[in-house]
Structures are given as structure tokens and as C-alpha cells.
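A.B. asks: Predicted structure and sequence below. I'll ask about it afterward.
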Amino acid sequence: MVMDPAQFLQGRTRETEIRRDAGGRWFNGEDRIEHPNLSRSFDGWIDRAEDGRFCLSNAINWAYVEIEGPAYFVKDVEASDDGVELRLSGDLIEPLDPASLRQGPEGALWCAVREGRCPARFDNHALSKMSQSIGEDEEGVYVSIAGQKVRPPEIADPLSLGLEKR
């Protein structure tokens, strides 16, 4: 018997009760997801669906989730003459797009990741490693990247980073 794929998906939904709080803790409904490998995998699967909502997406499937706070945390940085490499939550590594840098409220540093689709916030460790590259002159705050001064504009809602790509 051959199964029709449309029949298999009938009555199913991509909606879930999976959510991550602003502190990076995962929940399924009210139950905390404690398994470290599952949490790390979820951290690396965050993306945006075509409608702009957050989802978990891997090579097999995707489903909607709620994300409080940034989609990703920049955990570490490696600067070189060519630019800055970001080490993100979920064990992802990607180059920094300097044009995506923004200053959020309270001076937090943000950027867009996942080809510009998701906002990422620099944690204290990553920001501390960038501190020698951050300066201020008569024009304002800048970040020195690959010999260039990048001036991240201040924005009120850094969580909207990645939505402008839609």
C-alpha cells in the first residue's frame, strides 16, 4: 500500500508548546526541558519561518516555537585581520556581518545571524573580548573590525533584527 504524503500530514500542525525564556531555558508547556543535548540542539535550530515567526528547523522538519529575548547569544568571538568569527549558542559558528551591528537599550551589542534572519545578543564574555575593539570618538561609539570603524546605530527594539530581511 502506498501512502499519500498529504494524507499523512492531514490534521497535523506545526504549532507547539515549546518555548525558550529570556534566560535561555527551554520548556514544553510548563515542563522544563532538562536534557543538555536536546537543549543545545534546540539552541542551534532556531530560525524564522516564512511568516517571520520563530521556529526550530533542522534537516528533517520544522515547528513553531516561542522565543523570549534574543534568538541567539553570542558566547565568544575570535577577531582576525579578516573580520570577526562568532561562536553562538547551539554551538554554531559564523562570521559577523559588521553592517548588522546595533546598540540596543542599556548599550547592549546586537547583530543579525543566520544569514540575517535572527537577532543575536553579545553576552558579557563576548563583549569583554571585543572591548579592545570598541571605542568612542567625536562621532560616537564604534567597533574596529578588520581595520574599519563600524558605527552600530542605536535601536529601541533589537529583537526586530532579522525581520527586515522578510
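C.D. replies: Arrived safely.
A.B. asks: can you point me to the longest helix in the chain?
C.D. replies: Criterion DSSP state H: the longest helix present in the chain is helix 36-45.
A.B. asks: roughly how far out does it sit from the chain middle?
C.D. replies: 13 Å (C-alpha atoms, centre = their mean, to the nearest Å).
A.B. asks: Remind me what that helix packs against, helices and strands.
C.D. replies: Under the contact criterion of 3 or more C-beta pairs under 8 Å, 6 or more residues apart in numbering; DSSP states H and E, helix 36-45 touches strand 26-28, strand 54-57. Where you see a C-beta, it was placed from the backbone N, CA and C, and this is true even at glycine.
A.B. asks: Secondary structure element holding the closest residue to Lys75 other than its chain neighbours?
C.D. replies: Nearest residue to Lys75, sequence neighbours excluded (C-beta to C-beta, 6 or more residues apart in numbering): Arg87, at 5.2 Å. Following DSSP states H and E, one finds Arg87 within strand 83-88.
A.B. asks: Break the protein into its domains for me.
C.D. replies: 5-67, 72-160 (automatic domain parsing).
A.B. asks: Pick out the residue nearest the middle of this protein.
C.D. replies: Tyr72 (2.8 Å; C-alpha atoms, centre = their mean).
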